[in-house]
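> task: produce atomic coordinates for the following.
(chains A and B)
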Protein chains: 2
Amino acid sequence: MSRPPFDTVALIGIGLIGSSISHGIRRSGLARRIVGHAQSDATRQTALELGLVESAFDSAADAVAQADLVILCVPVGACGTIAAGIASRLRAGTILTDVGSVKGAIVRDVAPHVPPGVHFVPGHPIAGTEHSGPRSGFAELFDGRWCVLTPPAGADENAVDRLKAFWQGLGSHVEVMTPDHHDMVLAITSHVPHLIAYNIVNTAAHLERVTASEVIKFSAGGFRDFTRIAASDPTMWRDVFLNNKAAVIEMLGRFTEDLTALQRAIRFDDGESLFRLFGEARQIRRGIIQAGQDTDAADFGRPHGAAQPQTSLSAATKSRT
Amino acid sequence: MSRPPFDTVALIGIGLIGSSISHGIRRSGLARRIVGHAQSDATRQTALELGLVESAFDSAADAVAQADLVILCVPVGACGTIAAGIASRLRAGTILTDVGSVKGAIVRDVAPHVPPGVHFVPGHPIAGTEHSGPRSGFAELFDGRWCVLTPPAGADENAVDRLKAFWQGLGSHVEVMTPDHHDMVLAITSHVPHLIAYNIVNTAAHLERVTASEVIKFSAGGFRDFTRIAASDPTMWRDVFLNNKAAVIEMLGRFTEDLTALQRAIRFDDGESLFRLFGEARQIRRGIIQAGQDTDAADFGRPHGAAQPQTSLSAATKSRT
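As a prediction, the model looks like this:
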């Protein structure tokens, strides 16, 4: 086998994304060695047990000292502090990147700490599941998904190319754009959808006239689709909203404006507008499936007719039926 | 094999739900014979080809003449007209039911036409996929899902029990409630989620600063989950909103109120409130999985790393990268 493109990759943070990157590196032979840092003892232990890293450091600075590729895989709000802590230990020529869902704030918080000779190229793989932690990762997470890189003006071209090739090696398509444009695109394709999902789940949980048990039982009518993304990591998502405030609020404004118009159409029996709008939405779905970004299998290909664990529910609802 | 519980079931409408009921009846031997009515020639042909019905009538009245169980499987807005058209041909003792997602309006539109001696017991199986038409049905659709019956006061107990057993035979759990309560529960678990999904898909499609191609490419960040339910049948959903106006507008009011509070928390950097709220949403997800109403498989168990058809997208985006 030829020499891997990187010698030592340092994963700063070993959750869903960090552990998936590790599996992907192993699958494609993208590095000779993976080391990592995690704040908690338990995560470091798990990462070693699963073979996600060869060494697990309790100090991020120690973890990066030997690395030629450093990937920050922590919530957006933690990146600035970590950058400050590792700066003096980064070697010249090292590529420093991240996987944060917001890019403007990452540039703002991280760039000031990056020493000369270190190549800072922010990144964002648009992939994930609702599960968290070092056990939730898998090599295929990035296959066919897009990774956005937002290199600053004047970034080292070779470093950008190497990072591009790295993500392609993990199975991704790569696109380059500015941090601002990234934050606007992600506000509508990811941040606002998550906010809306969190919101309706909480609305449903606090009604007086419908019980939580009813919401759960009858969730197959559509609600349950929202609960998946509302089960994502709360720390990560708090940081996303606090760090992409302007774009999220702008997109929320558009969403609310459109929703108000829809509500008005319902109130005034404007079935024609409703029908037209609902029909248009099908086109976008078709585009996503054609682009390989979702499956056409009915109901996401959820298993139908599988054994249904009903124990806790039947206990909870016995008194009602 | 013992005698099936029904002799002839008439399916009025043979789309996703009608065809799934047919498959379920065959699987469990719930009727000796299935006949059906569909408006379009093509649907009747398909239904015969697939063996969904033994006879396909172009008149709903002809279809019900021999039936002891008649199931209206058409959009909510069509039920009243059909009831008027079949009333004189319904046999005494027949059970008349439906599968509409709204129950108050069905009672309002259908009940006045039901002749004495015919047992009208409205129903709603809370199950479905985003696909439509007679080819989209499958026997397992109702397995483990809930079916709500809303018999009117004084309904024939034997008829209600027989319909209950029928849905249980299709694999469902059955719950009885009033039409009003049903419409309130479904407004939050199904109708508002669909409206929100339609809305964000349309908001995303009409932005100036983000292209539709970008929305599609980067949809794996959360957006694509919404597009599934926004791909549901537009006629069915138009009718749902026009016929459950009061409950939908009430629930939308709650949703908007909560969303405004969330937006304010973002604006004023209230990370603590965001974190608390996001954490609570996870509980509901857990409840849904424990109740067997969704799968715990990461990302709905979507295939990861499968071949990605990229043809149309790469053509569309080639000029941009």
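
> tally of neighbours for residue A:5?
A count of nearby residues for residue A:5, using other CB atoms under 10 Å in any protein chain shown, gives 18. No exception for glycine: its C-beta is placed from N, CA and C like everyone else's.

> actually, residue A:82.
Counted with other CB under 10 Å, the neighbours of residue A:82 add up to 22.

> can you give me the pLDDT of the residue lying closest to residue A:130 once chain neighbours are set aside?
Excluding its sequence neighbours, the residue lying closest to residue A:130 (CB to CB, 6 or more residues apart in numbering or on different chains) is residue A:231, at 4.2 Å. At residue A:231, the pLDDT value in this model is 94.

> and residue A:231, that's in a strand?
No. Residue A:231 is assigned coil when assessed by DSSP: H, G, I helix; E, B strand; the rest coil, not a strand.

> that one touches residue A:132, doesn't it?
No. Contact criterion CB atoms under 8 Å: residue A:231 and residue A:132 do not qualify, at 9.1 Å.

> more neighbours: these two, which one.
Between residue A:231 and residue A:132, counted using other CB under 10 Å, residue A:231 has the larger neighbour count: 25 against 18.

> can you pull the contacts of the more buried one?
For residue A:231, the contacting residues are A:130, B:281, B:282, B:285, B:286, by CB atoms under 8 Å, 6 or more residues apart in numbering or on different chains.

> would CSV of those with distance to residue A:78 be doable?
Converted to CSV, the contacts of residue A:231 look like this (distance: CB to CB, whole Å):
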residue, distance to residue A:78
A:130, 20
B:281, 22
B:282, 21
B:285, 25
B:286, 26
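
> in helices, which of the residues you listed appear?
B:281, B:282, B:285, B:286 (DSSP state H).

> filter these by proximity to chain A?
Restricting those to those within reach of chain A (CB under 8 Å from any CB of the partner chain) leaves B:281, B:282, B:285, B:286.

> follow-up on the earlier one: and the residue nearest to residue A:130, how far from residue A:30?
30 Å (CB to CB, to the nearest Å).

> please, which helix or strand holds the residue lying closest to residue A:277 once chain neighbours are set aside?
Nearest non-adjacent residue to residue A:277, counting by CB to CB, 6+ apart: residue B:202, 5.6 Å away. Taking DSSP states H and E as the criterion, residue B:202 maps to helix B:192-205.

> after that helix, which helix or strand is next? Please name it.
Under the assignment DSSP H and E, the closest C-terminal helix or strand after helix B:192-205 is helix B:212-217.

> can you give me the strands for the stretch 151-300 of chain A?
A:173-176 (DSSP state E, counting those that start in this stretch).

> do the stretch 1-150 of chain A as well
Ranges of strands within the stretch 1-150 of chain A are A:6-12, A:31-37, A:55-57, A:69-72, A:95-98, A:119-120, A:123-125, A:146-149, based on DSSP E, counting those that start in this stretch.

> check which residues of the second one are buried.
What that stands for is strand A:31-37. A:31, A:33, A:34, A:35, A:36, A:37 (16 or more other CB atoms under 10 Å in any protein chain shown).

> same question for stretch A:267-283.
For stretch A:267-283, by 16+ other CB under 10 Å, it's A:270, A:271, A:274, A:277, A:278, A:280, A:281, A:282.

> center of chain A - which residue?
Nearest to the mean C-alpha position of chain A, counting by CA atoms, centre = their mean, stands residue A:128 at 4.8 Å.

> distance check, it against residue B:142.
Taken as CB to CB, the span from residue A:128 to residue B:142 is 32 Å.

> ok, now residue A:151?
Going from residue A:151 to residue B:142 by CB to CB gives 52 Å.

> between those two, point out the one with more neighbours.
residue B:142 (28 against 22).

> now do the contacts for that one.
Contact partners of residue B:142, counting by CB under 8 Å, 6+ apart, are B:20, B:24, B:125, B:127, B:167, B:170, B:171, B:172.

> ok, now residue A:261?
Not one residue lies near residue A:261 by CB under 8 Å, 6+ apart.

> again, but for residue A:152
By CB under 8 Å, 6+ apart, the contact list for residue A:152 reads A:107, A:111, A:120.

> for residue A:30, which non-adjacent residue is spatially closest?
Leaving aside its sequence neighbours, residue A:30 sits nearest to residue A:169 (CB to CB, 6+ apart; 4.8 Å).

> now the helices: where do they sit in chain A?
Using DSSP H, helices in chain A cover A:16-28, A:41-49, A:60-64, A:79-86, A:104-110, A:157-169, A:179-186, A:192-205, A:212-217, A:223-229, A:234-243, A:245-267, A:271-290, A:311-317.

> can I get these in CSV including distance to residue B:102?
As requested, the helices of chain A are arranged in CSV below (distance: least, CB to CB, whole Å):
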stretch, distance to residue B:102
helix A:16-28, 40
helix A:41-49, 49
helix A:60-64, 56
helix A:79-86, 49
helix A:104-110, 45
helix A:157-169, 48
helix A:179-186, 36
helix A:192-205, 18
helix A:212-217, 17
helix A:223-229, 16
helix A:234-243, 34
helix A:245-267, 13
helix A:271-290, 14
helix A:311-317, 23
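
> lowest average pLDDT across the ones you listed?
Among the helices of chain A, helix A:311-317 carries the lowest mean pLDDT, at a mean of 37.

> on that earlier part again, the residue nearest to the centre of chain A touches residue A:17, doesn't it?
Yes. Here residue A:128 reaches residue A:17: they are 7.1 Å apart, a contact under CB under 8 Å.

> mutual contacts of the two, please.
Counting by CB under 8 Å, 6+ apart, the residues touching both residue A:128 and residue A:17 are residue A:141.

> measure residue A:192 to residue B:216 for me?
Distance from residue A:192 to residue B:216, by CB to CB: 16 Å.

> and if you look at residue A:205?
When distance is defined by CB to CB, residue A:205 is 32 Å away from residue B:216.

> flag every residue of the stretch 1-150 of chain A that's near chain B.
Proximity of the stretch 1-150 of chain A to chain B, by CB under 8 Å from any CB, involves residues A:101, A:126-131, A:136, A:138-141, A:143-146, A:148.

> and those residues, which of them are buried?
Among the residues of the stretch 1-150 of chain A next to chain B, those buried by neighbour count (16+ other CB under 10 Å) are A:101, A:126-131, A:136, A:138-141, A:143-146, A:148.

> can you give me the buried ones in stretch A:96-112?
For stretch A:96-112, the neighbour count (16+ other CB under 10 Å) marks A:96-107, A:109-110 as buried.

> ok, so of those, who is nearest chain B?
residue A:101 (7.4 Å; CB to the nearest CB).

> so who does that closest one touch?
Counting by CB under 8 Å, 6+ apart, residue A:101 makes contact with A:76, A:124, A:186, A:190, A:191, A:236, A:240, A:244, B:221.

> can we see that at 6 Å?
residue A:240 (CB atoms under 6 Å, 6 or more residues apart in numbering or on different chains).

> same deal with residue A:289?
residue A:296.

> try residue A:156
Per CB under 6 Å, 6+ apart, neighbours of residue A:156: residue A:119.

> quick check: closest non-adjacent residue to residue A:136.
Closest to residue A:136 by CB to CB, 6+ apart is residue A:16, at 4.6 Å.

> how close does the one you found sit to residue B:26?
43 Å.
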